[in-house]
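Asker: The following block contains a protein sequence and its predicted model.
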Amino acid sequence: MFTNLLFLTDVVSEVTEKAPANNGVLIAIIGACVAAILAGIGSILGVQMCGKAAAGVTAEQPELFGKLLVLQILPGTQGLYGFLAAVLLMLKLGLVGGQVTELSNEIGWAYFGACMPIAINGLISAWYQAKVATSAIMMTAKQPDASGKGITMAVLVETYAILSLIVSILLIFGI
Amino acid sequence: MIVPMKKAHLVVLKEEKEKLFKSLQRYGELMIISEGEGQNSTVYEDSMLNKTNQTIKLLNKYRENKPLFGDYNVVDYSDFSNKKDESLVMLDEIEKCENLINNLKNENASLFEEIKMYEPWKRLEIRLSELKKSKMAKIHLGYVESKYLDSFTNLMNEYNNICDIFEKNRNGVAVFFVNYFEEDNEILEKLKQINYSEIVLPEKDQFVFEVLDELNEKIEMNNTQIEIKNKELSEYSKSITDVEILNDQLLNDKVLKETPYIPTANTVYIEGWVRSDRIERFTESVKKGAEVYDLEFSDPAPDDVVPTYTKNNKFVSPFESITDMFSKPNSKELDPNPVMSVWYWILFGMMMADAGYGLLMIIGVLVLKKLMKPVGKAANLYNIILYSAIPTMIWGVVFGSYFGYSIPGIPYWFAPMNDAITMLLVSVAVGGLHIITGLIVKAVSNFRDHAYFDILSDQLSWILILCGIALLFVPSLKQVAIVMCIVGVALIVLLHGRHKRGIIGKFFSGVLGLYDITSYMSDLLSYSRIMALAMSSASVAMVMNKLAEMVSGGVVGTIFSIIIYAVGHVFNLVLGLLSAYVHDSRLQYIEFFGKFYEGGGVDFQPLSIKSKYIKEIKDENK
């Protein structure tokens, strides 16, 4: 039943046995992993930071839970973007339901590089967006009606993660 | 549409003030702006509200079969306007019950302490009162630390004293011993060295075990009484609605008392805003509240802060909450909601873009509406999601996406996952249309203000440039595109500096006006988030489907795959909804409103019935 899940390891072992000049797929996979991991870390840190602030406010004002939840989840999208880049790369490489083609090291590194914008900016933007969102949570605690403005302020930070994601996607499809 | 306001000036007799205010509150048509001189103290209401809130909290703990999504309380206005004496009495009764329970619990706690004190000497075979009656010797009760117990027994043996060792607790080992008077001081001195501590039990003509029995009996009695009172409270909890109504009644009494007015010797003067389409209803409310009155209306003066009330059809009105979250429109500008709502609707659909998810949204919202019966602001959010389900389905069909699958045989335009570049172009193109709409709205408002040069230099020019850039991609229209761009640029260079002095100032200002192209480019690029959100939602859906397919097969596999389908798609839907809601709002606030919207209006908040626990007040005679 789970045999299909094992195909990834097959790919890796198959690739590593080949001559060193054809390790492209392996390098690209590492790139995909880095994108998912770094952006994910950013979101983990961000969501927990906002979560702590939101939990504190909820203790005093439980009726704000809905508004706070929206603010808390804001830095969570970067993880999703990293994941998206990783999945798109897997699709492109044929790792998900396709035929894996051999790649040269150069192309592999190109894919690796393509993953970097969302990996790095995802991490950093999630962290800083969380800082804005935390402040917005504090603002919402004092002025519940201002939560919309707080959301907008926090979302402005996310723009740059989105631009990085677009760069990553365009590169992945372009290479 | 922004409803024009009229200023109402109302004078009534002092005696009729209460009745008038009540009637005004019932109809909810007048936003009072008189400077507050005649406010009354609300100490009574505040303290009573405190009480009712505590009581509601308390009764909720005792309630059985609590409805999962809260009560839906409906009250007739006639019931609501008169406070029930029974409710006030009940409030007192409940408070008494609670106090009694607390007192009994405290008493039990101190009884427990007392038991702890007597417990170690339970086996003592002398009445407590006899402890001091001995003629030859002194009887001692006390604690010895367990590590010194041996030294204690040795000492007692040394003097040949009677001693008994009882139970051990955290104070040490309870001991009983008898000293002859002449030896007493000497022994106590020696006991001091082993940290002996003397205990004096109260003198009673009873054995210790009798005292203990008595104390236990008392606790038992208190517990039965607590039990009875608890039952009483759970009985009261069935009429929690009465307390909730009382709470809201007090809340409205407080609102009325806080309402400002200007008192004169015999009359009361009130000033406020009324919607111009509701003047008749307002007049009716005044007629019902006062027999003698003087009512005049005037148009707002130029320096008045006029509140804003937006009135739109059923489709647009839920979206007003999105605009209000950014800023209420001011009373002098065009209502942005009709245009904004359509664009919000379209962009929301593009970001979700899955026919299956659209269907889920409709079902989910209808079910939740049935269960939660939301009113007011919460209802708006439900309606926004409900309406936005339609473009979600439409774009889902356009992109051929049904729960992340494509259905063969049904034609579709393109799948974003396979054609990211086209998706990016479509996103930016839709964004361009969105921005142009914003510019057109501003142009209309400039036209209204007769600022024709502004239209040419700030709106038409950029519309031409944006359209021109788009048409550059169509090879056959290249000539037209270039002409449009040039005309646009020329308009900016010629007109942007029209307020500057001197030909050189005008020219430089005009050239600098071209620099705005950077802000338009960044605005356009910002719409690429539509592509990012649509693709991330589609990719999660795809991954969930792949995972489910991988485990499917056999009975266990099928169950697993169904779980993955259900959980995965619901998770993706919720996350997608949140992202779409947030990012769609941002596109409206920054990219769209930035082109024309001023905002900064004051919300129209008429004197009306406020409610915390009552969801609906039925009022047929209004």
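Answerer: The structure has been received and is ready for your questions.

Asker: near chain B, which residues of chain A?
Answerer: Contact residues (CB under 8 Å from any CB of the partner chain) of chain A with chain B: A:1-2, A:4-5, A:70, A:73-74, A:76-77, A:80-81, A:83-84, A:87-88, A:91, A:96-97, A:147-149, A:151-152, A:155-156, A:158-159, A:162-163, A:165-166, A:169-170, A:173. Just so you know, the C-beta spots here come from the backbone N, C-alpha and C atoms, and that holds for glycine as well.

Asker: among those, which are in helices?
Answerer: A:70, A:73, A:77, A:80-81, A:83-84, A:87-88, A:91, A:147-149, A:151-152, A:155-156, A:158-159, A:162-163, A:165-166, A:169-170, A:173 (DSSP state H).

Asker: wait, does the helix or strand hosting B:L424 contact chain A?
Answerer: Secondary structure assignment for B:L424, by DSSP states H and E: helix B:420-448. Yes: judged by CB under 8 Å from any CB, helix B:420-448 and chain A are in contact via B:A420, B:I421, B:L424.

Asker: contact partners of the helix or strand following that helix?
Answerer: Counting by DSSP H and E, the next helix or strand C-terminal to helix B:420-448 is helix B:452-454. Residues outside helix B:452-454 that contact it (CB atoms under 8 Å, 6 or more residues apart in numbering or on different chains): B:N446, B:L495, B:R498.

Asker: Dihedrals phi and psi, the last one?
Answerer: Comment: the main-chain dihedrals of B:R498 come out as phi -70, psi -20, following degrees, to the nearest 10.

Asker: Near it, how many other residues are there?
Answerer: Close neighbours of B:R498, defined as other CB atoms under 10 Å in any protein chain shown, add up to 13.

Asker: ok, so what distance separates A:I120 from B:A174?
Answerer: Look at A:I120 and B:A174: by CB to CB, to the nearest Å, they are 71 Å apart.

Asker: who's more crowded, the two?
Answerer: Set A:I120 next to B:A174 and count neighbours by other CB under 10 Å: B:A174 wins out with 22 against 16.

Asker: so what's the closest residue to B:T267 other than its chain neighbours up against?
Answerer: Leaving aside its sequence neighbours, B:T267 sits nearest to B:V11 (CB to CB, 6 or more residues apart in numbering or on different chains; 5.2 Å). For B:V11, the contact set (CB under 8 Å, 6+ apart) comprises B:T267, B:V268, B:Y269, B:I270, B:Y293, B:D294, B:L295.

Asker: Return the subset of these lying in strands.
Answerer: Among the contacts of B:V11, the residues falling in strands (DSSP state E) are B:T267, B:V268, B:Y269, B:I270, B:Y293, B:D294, B:L295.

Asker: Ranking by neighbours, what's the top pick from the residues you listed?
Answerer: Neighbour counts for the ones in strands among the contacts of B:V11, by other CB under 10 Å, peak at B:I270, which reaches 25 neighbours.

Asker: ok, back up a step: can you flag the buried ones in the residues of chain A next to chain B?
Answerer: A:70, A:73-74, A:76-77, A:80-81, A:83-84, A:87-88, A:91, A:96, A:147-149, A:151-152, A:155, A:158-159, A:162-163, A:165-166, A:169-170, A:173 (16 or more other CB atoms under 10 Å in any protein chain shown).

Asker: Using CSV, list the CA coordinates for stretch B:336-343.
Answerer: These are the backbone C-alpha positions of stretch B:336-343, laid out as CSV (Å, rounded to 0.1, in the frame of the first residue of the first chain):
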residue,chain,number,x,y,z
PRO,B,336,-16.7,53.1,-3.0
ASN,B,337,-18.6,50.0,-2.0
PRO,B,338,-20.6,49.3,-5.2
VAL,B,339,-17.4,49.2,-7.2
MET,B,340,-15.2,47.6,-4.5
SER,B,341,-17.6,44.8,-3.8
VAL,B,342,-17.6,43.6,-7.4
TRP,B,343,-13.8,43.6,-7.5
